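Peer 1: Okay, sequence plus prediction incoming.
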Amino acid sequence: MNYANWFRVRLKTPHPRQRAFLRSKAKRKVIRAGRRGGKTTGVAILAVQAFLQGWRVLYAAPTSEQIAQFWKEVTTALAALIDAGIFSKNETEHVIERPGTDQAIKAKTAWNADTLRGDYADLLILDEWQLMDETTWEDVGAPMLLDNNGDAVFVYTPPSVRSQAQSRARDPRHAAKIFKQALAEQEAAAAERRQPRWEAFHFTSKENPYISREALREISRDMTTLSYRQEILAEDLEEVPGALWSITQFDTGRVHQFPRLTRVAVGVDPSGGVGECGIVVAGIGPCPCKGTSETHGFVLQDRSLKGAPDKWARETVAAYHTSRADRIFAEKNFGGDMVEATLRTVDPSIAFQSVSASRGKDVRAEPIAALYEQGKVHHVGRLDALENEMISWQPGSSSWSPNRIDALVWVLTELMTGQASYKPIFMAVDPEQEPRRSVFDDRPNEDWPKHFRLRRDGIRGRKLW
Ligand SMILES: Nc1ncnc2c1ncn2[C@@H]1O[C@H](COP(=O)(O)OP(=O)(O)O)[C@@H](O)[C@H]1O
Ligand SMILES: [Mg+2]
């Protein structure tokens, strides 16, 4: 039955950029657009159209604001049909369905795979995808579409460093990667003159004719140029102008195994307020990668986290023990001896050394950036969040505090630049007797975070499509 002939379906008229993805026949759509560009409204129109064809639609977004916006659109659109009793609506569960059938629109808050488990759909929409844990798609999203050969839509805004604070993504660039893959597939299909399975769409906030200049000015008021380019112009920035590091550097130097390390230490940069506490584990050891053996740095783990002092102190001490580090370094200036005292309440036996920041962050970071440039620092496996911070931080112009970078700079300065070279107070184990276990040993090491174990090959082996 074509309900629309009998009842008024109240949908907004899509703007041209929305129309482009509404018309697309691709089974997988990736929409990258600026804040308030009309992403949620656009996919709500898509959801209603699919639902009216008898489909089961599942919309997932990490925040309740998005759910509310989506829900408002679909309930308004279908109000007449709901009132007539053709469809039933459950406000608390956010479900509209045709009783006794699978035809439904469901809206769900979801940050990760677990929150989506146990459902299936003909159309799955993942809104604010950049904030979600990417395994949501691989572990649950893709499988749930299998039975009915369903469609999927990924919607995102490139995450700026400030929006990353609320993200559950493991790799902050995961949405950008899926966009790139979609674009590549789309271009390949065009070259072969076939229907693309994936399509990528991009538009800026300014291309939404329904948002006023004032509203746009309001949301972009406190943004840096960088955030503006990401959140309004929806650009995926891989290389930020002025940043001290680049992705290419990390990828070129990346290793999956490391030599026997002569020193291992933990760098800590506690945040003043609610921010993140940087906790980075690194070591040095003889590296043959340049033909001769020279001492290189190996960044082993980024265990930075947000939380109260007892939380970061416990994490730091755990990092110190599990990596068998011989010292913890933290800045002295920050609250005097507060850091040391906090760490010692967790474990009084730690070897701790404070370092003082006589120079600014930028000046401190430069010698470390130079070591990377010379290929003398290797990242062991993937350190996505740290790397993302490193490529986004613009010394001198970034207003945010790069806590992961600070922790990294502390530890590498002490280990590598010789300004405060130190002798280990003790060695917990004789490295000759018991070689340090690599993260990439076959035996899973329970000390490492779960995703680290799963992704030890660096790039995931499973295909996305
Ligand atoms: N096709 C449209 N017709 C009228 N208003 C629209 C349309 N698309 C978006 N809007 C309005 O623009 C604003 C931003 O849209 P929204 O979908 O929430 O953007 P986003 O999800 O990209 O942040 C909302 O106030 C919404 O009602
Ligand atoms: Mg939205």
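Peer 2: Received, thanks. Ligands and ions are numbered 1, 2, ... in the order given.

Peer 1: What residues does the chain have near ligand 2?
Peer 2: 39, 40 (C-beta under 5 Å from the ion). (C-beta placed from N, C-alpha, C; glycine too.)

Peer 1: May I see the buried residues of stretch 226-245?
Peer 2: Going by neighbour count (16 or more other C-beta atoms under 10 Å), the buried part of stretch 226-245 is 226-237, 240, 243-245.

Peer 1: Kindly apply the preceding question to stretch 186-204 instead.
Peer 2: 186, 189, 196, 198, 199, 200, 201, 202, 203, 204.

Peer 1: which helices and strands does the helix or strand the first one falls within pack with?
Peer 2: In this structure, residue 186 sits in helix 174-191 according to DSSP states H and E. The contact analysis (3 or more C-beta pairs under 8 Å, 6 or more residues apart in numbering; DSSP states H and E) places helix 174-191 against strand 28-33, strand 151-156, strand 198-203.

Peer 1: How about the contacts made by the residue nearest to residue 402 when sequence neighbours are not counted?
Peer 2: Nearest non-adjacent residue to residue 402, counting by C-beta to C-beta, 6 or more residues apart in numbering: residue 393, 4.5 Å away. Neighbour list for residue 393: 161, 240, 243, 244, 400, 402, 405 [criterion: C-beta atoms under 8 Å, 6 or more residues apart in numbering].

Peer 1: go on, residue 240?
Peer 2: Residue 240 neighbours (C-beta under 8 Å, 6+ apart): 226, 391, 392, 393, 394.

Peer 1: That one belongs to a helix?
Peer 2: No. Per DSSP: H, G, I helix; E, B strand; the rest coil, residue 240 lies outside any helix segment and is coil.

Peer 1: Let me see the confidence value for it.
Peer 2: Note on residue 240: pLDDT of 72.

Peer 1: where does the residue most central in space within the chain land in three-state SS?
Peer 2: The C-alpha lying nearest the average C-alpha coordinate of the chain belongs to residue 172 (C-alpha atoms, centre = their mean; 2.4 Å). For residue 172, the assignment made with three-state DSSP gives coil.

Peer 1: residues contacting it?
Peer 2: The contact partners of residue 172, taken as C-beta under 8 Å, 6+ apart, are 130, 159, 164, 384, 385, 388.

Peer 1: burial measure for the second one, as a count.
Peer 2: Which is residue 159. As a burial measure, residue 159 scores 26 neighbours (other C-beta atoms under 10 Å).

Peer 1: Equivalent analysis for the last one, please.
Peer 2: Residue 388 is flanked by 19 other residues according to other C-beta under 10 Å.

Peer 1: And for stretch 186-201, what's in contact with it?
Peer 2: 17, 20-21, 24-33, 179, 181-183, 185, 465.

Peer 1: What of stretch 286-302?
Peer 2: 255, 258-262, 264, 279-285, 319, 323, 371, 375-380, 383, 385-386, 404, 408, 412, 415-416, 439, 448.

Peer 1: Can you select the buried ones among those for me in PyMOL?
Peer 2: With 16+ other C-beta under 10 Å as the criterion, this PyMOL line picks the buried residues out of the contacts of stretch 286-302:
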select buried, resi 255+258+259+261+264+279+280+281+282+283+284+285+319+323+371+376+377+378+379+380+383+385+386+404+408+412+415+416+439+448
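
Peer 1: just to revisit the earlier point, just the buried residues of stretch 226-245 now: which is nearest residue 213?
Peer 2: residue 232 (12.3 Å; C-beta to C-beta).

Peer 1: Tabulate the helices and strands packed on helix 174-191 in a markdown table, adding columns for distance to residue 83 and mean pLDDT.
Peer 2: Output for the helices and strands packed on helix 174-191, formatted as a markdown table (distance: least, C-beta to C-beta, whole Å; pLDDT from 0 to 100):
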| stretch | distance to residue 83 | mean pLDDT |
| --- | --- | --- |
| strand 28-33 | 32 | 98 |
| strand 151-156 | 28 | 98 |
| strand 198-203 | 34 | 97 |
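
Peer 1: can you tell me which of these comes nearest to residue 136?
Peer 2: Of those, nearest to residue 136 by C-beta to C-beta is strand 151-156, at 10.5 Å.

Peer 1: OK, contacts around the residue in the stretch 351-465 of the chain positioned nearest to ligand 1?
Peer 2: Of the residues in the stretch 351-465 of the chain, the one nearest ligand 1 is residue 392, at a distance of 22.0 Å by C-beta to the nearest ligand atom. Residue 392 makes contacts with 161, 226, 237, 240, 243, 398, as judged by C-beta under 8 Å, 6+ apart.
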